[in-house]
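Trainee: For reference, the sequence and a predicted model appear below.
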Amino acid sequence: MGKDSKPKDAGGKGKGKQAGGASDESASKGKGKAGKSDGLGTCTYVKARHILCEKQGKINEAYKKLQDGWLSNGDKVPPAEFAKLAAEYSECPSGKKGGDLGWFPRGKMAGPFQEVAFSTAVGATSAPFKSTHGYHIILCEGRKN
């Protein structure tokens, strides 16, 4: 078994080039077992809902509704209410499910989305932000290891 682990480590280091790093996400999605077995022990998971809009004006309109209803008073947005807005505004297929993305590990989502999802407190709603997919608002519903 010791011999098996050394070639795997050496092979992993040899493939750790930038091109390999860029394809690691898609490779782990395709392989599943290899990516998940490495990540489960060390990853933190987040449960989140989001609203995705292509246009900044549309995401700002959704955020204004969140502000007017809850955020400006210092209240947390109830997940059911966030889900209604996601169904109305989100251009992501998850909008039909109230923006529910379920639980996902660190490393699964693209850069800015992951950063905001993992830095938003449980029960809190992020301000609108831009990613490669468009403009988002995230509601963090939970965390686990």
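Mentor: That came through fine.
Trainee: Work out the gap between the longest strand anywhere in the chain and the centre of the chain.
Mentor: Criterion DSSP state E: the longest strand present in the chain is strand 134-144. Put simply, strand 134-144 sits 6 Å off its chain's centre (Cα atoms, centre = their mean, to the nearest Å).
Trainee: what does stretch 49-60 give?
Mentor: Here stretch 49-60 is found 15 Å from its chain centre; the criterion is Cα atoms, centre = their mean.
Trainee: pLDDT of that stretch, averaged?
Mentor: Stretch 49-60 carries an average pLDDT of 98.
Trainee: Tell me which other helices or strands the longest strand of the chain touches.
Mentor: Packing partners of strand 134-144 (3 or more Cβ pairs under 8 Å, 6 or more residues apart in numbering; DSSP states H and E): strand 45-53, helix 56-69, helix 79-89, helix 111-119, strand 129-131. Yep, even glycine has a C-beta here, placed from its N, CA and C like the rest.
Trainee: most packed of those?
Mentor: Of all those, strand 45-53 has the most neighbours on average by mean count of other Cβ atoms under 10 Å, namely a mean of 24.
Trainee: Pairing partners for it, with directions?
Mentor: Each strand paired with strand 45-53, and its direction, by DSSP bridges: strand 100-105 (antiparallel), strand 134-144 (antiparallel).
Trainee: Please tell me how far the shortest one is from the chain's geometric centre.
Mentor: In other words, strand 100-105. With Cα atoms, centre = their mean, you get 7 Å for strand 100-105.
Trainee: Okay then, goodbye and thanks.
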